[in-house]
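Student: Based on what follows, work out the 3D shape:
(chains A and B)
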Amino acid sequence: MTDRPAEAVIVDRGYRHFEGIRKGRRGAIGAVVRDGLRRVLGLRRKGRRKILPWSLITMALISVAVLSALHYAANRVGVTDLVADELPHHREYFEFISRVALLFIALATPELLVPDREQGVLAVYLSRPLRTIDYLAAKATALGILILGFFLIPQTIFHLLLGLFSPDGFTTYMLDHIDVLWQVPATSLIYFVGYASIALIIATLIPRVGFAAGIFLGVMIMFNALSGFFVEFADFAGSEYGALLAFESHPHLIRDWIFGASTSGYPMTRAGFEPWVALVTIVAIAAVAVGMAWNRYRRLS
Amino acid sequence: MRHGASNRGSSLRHHGTASRASFSRVTSLISTRNLTHSYGDIKALDGVTLEVPRGKIGLVGANGAGKTTLIRNLLGMLRPAAGHMEVLGMPVSRESLDIRSLVGYMPEGNCLPLDQTAADFVGYAAELAGLPTDAARRRSSEILFLVGLHEERFRYLGDFSTGMFQRVKLAQAIVHDPEVAFLDEPASGLDPEGREHMLDLIRRLGDFGISVVFSSHILSDIEETCDWVVMLDGGRVIRSGPIGDLGIAESLTVEVLGDPEPAARWMTERGATVTFAGATLDVRTAGEDVFTLVRDALVATNLGVRRLSQRAVTLEEAFIREAQEEEGHD
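Tutor: Got it, this is the predicted structure:
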């Protein structure tokens, strides 16, 4: 056994200068993106901050597992093609998951922007080699990764499982369903832009995460109902333009357009608009959201 | 020259605006000419012209004097209405990002997310300054040790006291090893013990080769810590210079046995400021030890001492004097 010193010694480590490489502006932008992902997912935060995001992610993955199991079971018992076609596929999965994604976006967008602004952390960002536009672009990138990941990862798993369970074999299934490779990413992008733009406008204006999330959900529900009222009951010149307020249903309409399904029944189509008008509306709202965020943060900085 | 300068050179080359050699020759910390900044009709800075060397710089003035506005302009966070600014020899208007790579900033208000641990946030602050993730974590741990928060580094910031909060704010400002740290009212809200600890940390930054620009409306803090002072009043610079040149000096009151005039003349000839009434002399020196001067004067003029008391002219008195003189000029 070795002898131990009788008394402990306090050593002042002093100060050491940093002699490694510095990544500058690019490194700073990367750091903001990584922090955004961690913040929304509750990583390196208290346990209760993880509950909501991971519950929603779990819900998305469980629903894929259930749908895939349905297809597996149908293939095992050898249902007819007619019945197999009636089973939920990618479009139908979007129909379900877009509702869950709405909650995820309501949580993620304010979480990315509001605390930095309200807790004064912006002062730290703006004293680092970052421009306002870098900060906003990094936050938008983090949001994009999260939301697109929320749509694309379960859809990719679903597509691969459908291929594996297909009686025609994996390769044949993949070749027969090659359109899915652009339809799913395009639809995911539409949902992201369509919903996150509205959430961005609200998160730019509202100073509390919970309020901003609630107001976002309220706007999506209320404006959809309001547009339905304009289309169905209002009887004045130009009332059909009330259909443009159906922010929640525009991405659904575009989704059906992309997947070649029937587009009737949406406020826009009932008001006599073509699906591309919904697309233009989404792009216009996105432009307004970016402009508002830029203007607000430029003034804050 | 500090070790870190070589890295800074590469960082600057990365931005393509300055070379290591040109940066290392820079001795001026801050240089401004006719700097003006307004909030609507209110002029927060009014023709500020400054030339400040490296070191521990005190920025003093009442609330609303323009201290924070000056710092935020120097960091490129605010755009001035008129004037020219340079920090570390680089023009703020063109190279604010390069400047921000080399400086740290501790804001006056809250700047900490309450849901993160001190270690995570300080590490993140280092990454924001461009440090790689591993290095940022290591630096975070070292700097939190330096500011006395090593034991608490894994606690959430929402659970911190005001004193700990201020120390984390200082840690995030220096974690990336800056050339200069701008500290806006770093001791505000602290109890006497916390204030003393903060001032000690600021003094140590100077020993590490980090220049400090330390704003405060508490003049004794600046007096204890800094070697150069910039006085602001109503957005104007009323004085900028070494703290020793501002008339902040040791003062001695001596009551002598006999005629004090010869002793007063003897000391005045040697650079002291002497006033006398009756047999009582008030002696003030800028650099020389006042006791030595008085002793030598009494010996030279063969005078005895009845009473002797010491008093210091504070920065506060100097500030009031300068402000009154400035008003007199207006």
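Student: I'd like the distance from residue B:316 to chain A, if you could.
Tutor: For residue B:316, the distance to chain A (CB to the nearest CB, to the nearest Å) stands at 29 Å. Yep, even glycine has a C-beta here, placed from its N, CA and C like the rest.
Student: tally of neighbours for that residue?
Tutor: Neighbours of residue B:316 under the rule other CB atoms under 10 Å in any protein chain shown: 15.
Student: show me the contacts for it.
Tutor: B:219-220 (CB atoms under 8 Å, 6 or more residues apart in numbering or on different chains).
Student: Could you pull up the mean pLDDT of the helix or strand containing it?
Tutor: In this structure, residue B:316 is located in helix B:315-329 according to DSSP states H and E. Mean pLDDT, helix B:315-329: 71.
Student: And stretch A:258-269, by the same measure?
Tutor: 93.
Student: Okay, the spatially closest residue to residue A:15 that is not a sequence neighbour and residue B:181: tell me how far apart.
Tutor: Once flanking residues are discounted, residue A:15 sits nearest to residue B:208: 4.3 Å by CB to CB, 6 or more residues apart in numbering or on different chains. For residue B:208, the distance to residue B:181 (CB to CB, to the nearest Å) stands at 10 Å.
Student: which one of the two has more residues nearby?
Tutor: Using other CB under 10 Å as the criterion, residue B:208 and residue B:181 rank with residue B:181 on top: 20 against 15.
Student: In three-state terms, label the more buried one for me.
Tutor: Secondary structure, DSSP: H, G, I helix; E, B strand; the rest coil: residue B:181 is strand.
Student: In this model residue B:206 seems to touch it, though I could be wrong.
Tutor: No: Residue B:181 lies out of contact with residue B:206 (CB atoms under 8 Å); the separation is 10.1 Å.
Student: What parts of the stretch 101-250 of chain A come near chain B?
Tutor: A:115-116, A:119-121, A:123-131 (CB under 8 Å from any CB of the partner chain).
Student: Redo these as a markdown table? Include pLDDT, distance to residue B:310 and neighbour count.
Tutor: As requested, those are exported to a markdown table (pLDDT from 0 to 100; distance: CB to CB, whole Å; neighbours: other CB atoms under 10 Å in any protein chain shown):
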| residue | pLDDT | distance to residue B:310 | neighbour count |
| --- | --- | --- | --- |
| A:115 | 96 | 53 | 18 |
| A:116 | 96 | 52 | 24 |
| A:119 | 94 | 48 | 18 |
| A:120 | 94 | 44 | 17 |
| A:121 | 96 | 48 | 21 |
| A:123 | 93 | 43 | 23 |
| A:124 | 95 | 45 | 25 |
| A:125 | 95 | 49 | 21 |
| A:126 | 91 | 47 | 23 |
| A:127 | 93 | 43 | 28 |
| A:128 | 94 | 47 | 28 |
| A:129 | 93 | 50 | 25 |
| A:130 | 93 | 52 | 24 |
| A:131 | 93 | 54 | 18 |
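Student: looking at this, residue A:141 is in a helix?
Tutor: Yes: residue state for residue A:141 (three-state DSSP) corresponds to a helix.
Student: number of nearby residues for it?
Tutor: Residue A:141: 16 neighbours (other CB under 10 Å).
Student: wait, what's in contact with it?
Tutor: A:33, A:36 are the contacts of residue A:141 under CB under 8 Å, 6+ apart.
Student: same question, residue B:67
Tutor: B:59-61, B:184, B:215, B:217, B:232.
Student: Give me the subset of the residues you listed lying in strands.
Tutor: B:59-60, B:184, B:215, B:232 (DSSP state E).
Student: Which secondary structure element of chain B has the lowest mean pLDDT?
Tutor: Using mean pLDDT, DSSP states H and E, helix B:5-15 stands out as the lowest-scoring helix or strand of chain B, at a mean of 38.
Student: give the contact list for the residue of the stretch 201-301 of chain A at minimum distance from chain B.
Tutor: For the stretch 201-301 of chain A and chain B, the shortest gap (CB to the nearest CB) falls at residue A:301, measuring 6.4 Å. In this structure, residue A:301 makes contact with A:122, A:126, A:132, B:77, judged by CB under 8 Å, 6+ apart.
Student: circling back: need the contacts of residue B:67 in a markdown table (columns: distance to residue A:163, pLDDT and neighbour count).
Tutor: Shown next, in a markdown table, are the contacts of residue B:67 (distance: CB to CB, whole Å; pLDDT from 0 to 100; neighbours: other CB atoms under 10 Å in any protein chain shown):
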| residue | distance to residue A:163 | pLDDT | neighbour count |
| --- | --- | --- | --- |
| B:59 | 67 | 94 | 30 |
| B:60 | 72 | 91 | 27 |
| B:61 | 71 | 88 | 24 |
| B:184 | 60 | 95 | 23 |
| B:215 | 65 | 94 | 26 |
| B:217 | 70 | 83 | 16 |
| B:232 | 71 | 92 | 27 |
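Student: ok so, going back, and which of the ones in strands among the contacts of residue B:67 is nearest chain A?
Tutor: residue B:184 (9.3 Å).
Student: what's the nearest residue to that closest one if we skip its chain neighbours?
Tutor: residue B:108 (4.2 Å).
Student: which SS state does the one you found fall under?
Tutor: coil.
Student: who touches it in this structure?
Tutor: Per CB under 8 Å, 6+ apart, neighbours of residue B:108: B:68, B:184-185, B:188, B:215.
Student: can you tell me how far it sits from residue B:63?
Tutor: Distance from residue B:108 to residue B:63, by CB to CB: 10 Å.
Student: Check the contacts of residue B:108 and tell me the two furthest apart.
Tutor: B:68 and B:188 (11.6 Å; CB to CB).
Student: which ones are touching residue B:149?
Tutor: By CB under 8 Å, 6+ apart, the neighbours of residue B:149 are B:118, B:164, B:167-168, B:171.
Student: Pull up the overlap in contacts between residue B:181 and residue B:206.
Tutor: With CB under 8 Å, 6+ apart as the test, residue B:181 and residue B:206 both reach residue B:212.
Student: mind listing the helices in chain B by residue range?
Tutor: B:5-15, B:20-24, B:67-74, B:92-102, B:118-128, B:133-146, B:162-174, B:192-207, B:219-225, B:261-269, B:290-301, B:315-329 (DSSP state H).
Student: Could you save those helices as CSV and add columns showing distance to residue A:189?
Tutor: CSV is the format used below for the helices of chain B (distance: least, CB to CB, whole Å):
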stretch, distance to residue A:189
helix B:5-15, 34
helix B:20-24, 45
helix B:67-74, 39
helix B:92-102, 32
helix B:118-128, 29
helix B:133-146, 30
helix B:162-174, 37
helix B:192-207, 49
helix B:219-225, 55
helix B:261-269, 84
helix B:290-301, 77
helix B:315-329, 61
